[in-house]
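Student: Mind folding the following:
(chains A and B)
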Amino acid sequence: MAETTHAAEIHWLNDPDAALAQGKRTDQPVLLDFSAAPM
Amino acid sequence: MYPDRDVAAFVSANFVPARIHIKEQPQTFKRFGAEWTPTILTWDPASNAERHRIEGFLPKEEFLPQLMIGRGQFAFGRAQWDQAEKFFKEAAERFPASDAAAEAVYWAGVSRYKKTGDASALRETGGILRERYPQSVWAKKGSVWA
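Tutor: So this is what the prediction gives:
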């Protein structure tokens, strides 16, 4: 599972399906951030 | 990037965060109906449903209460009225001067009504909106209750 760390310690996933699977597993909402900013 | 620590803390505590870049995953933009950047969706993975959408940049004092509303809408969509009200109230109480505050007050009142079935929750909410946020669309929406 690809994972990156950005400022202020948010651990962003890069794979939306992995995020949805984790959200389902942990019963949490998924925050999908659609961006054009440099990664 | 979300350089603000309060925003980062709220995101980390309340969401599974995923970032999709337009150049790397254009098909994912289409899949979720993202037509502009930034677009931030609160998504319920169990029902595969969008619960909240932010389009365009917002400064922290607007962005964070919108995230709280999104978290509240996730709970609202699952009929978790206490949780929903908690997040809506947090947005309204921590950011009373934000554009999001009136929306948060509205949905907090609706959550309380959905939980109790007591119409006084809506009447009170309509009164608060009329008093504190009279120019907002949410005061207009709540005007039928007061």
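Student: Where do the helices of chain B begin and end?
Tutor: B:5-14, B:26-31, B:60-77, B:81-94, B:100-116, B:120-132, B:137-142 (DSSP state H).
Student: just the angle between the fifth one and helix B:81-94, please?
Tutor: For the pair helix B:100-116 and helix B:81-94, the angle between their directions (axes from the mean of the first three to the mean of the last three C-alpha atoms, to 10 degrees) equals 160 degrees.
Student: and helix B:100-116, does that touch chain A?
Tutor: No. With C-beta under 8 Å from any C-beta of the partner chain as the criterion, chain A is not reached by helix B:100-116; the gap is at least 15.4 Å. For every residue, glycine as well, the C-beta is placed using N, CA and C.
Student: Let's test this: mean pLDDT of that helix, rounded?
Tutor: The average pLDDT for helix B:100-116 rounds to 98.
Student: And the last one, by the same measure?
Tutor: Summarised as a single mean, pLDDT over helix B:137-142 is 98.
Student: buried sites along that helix?
Tutor: B:138, B:139, B:142 (16 or more other C-beta atoms under 10 Å in any protein chain shown).
Student: Pick out whichever of those residues sits closest to residue B:102.
Tutor: residue B:138 (3.9 Å; C-beta to C-beta).
Student: Spatially nearest residue to the closest one, not counting backbone neighbours?
Tutor: Leaving out its chain neighbours, the residue that sits closest to residue B:138 by C-beta to C-beta, 6 or more residues apart in numbering or on different chains is residue B:102, at 3.9 Å.
Student: In contact with residue A:26, which residues are there?
Tutor: When contacts are counted by C-beta atoms under 8 Å, 6 or more residues apart in numbering or on different chains, residue A:26 touches residue B:16.
Student: Paired strands for the strand ranked longest in chain A, with orientation please.
Tutor: Within chain A, and with DSSP state E defining each element, the longest strand by residue count is strand A:30-35. Note on strand A:30-35: by DSSP bridges, its sheet partners are strand B:16-21 (parallel), strand B:39-44 (antiparallel).
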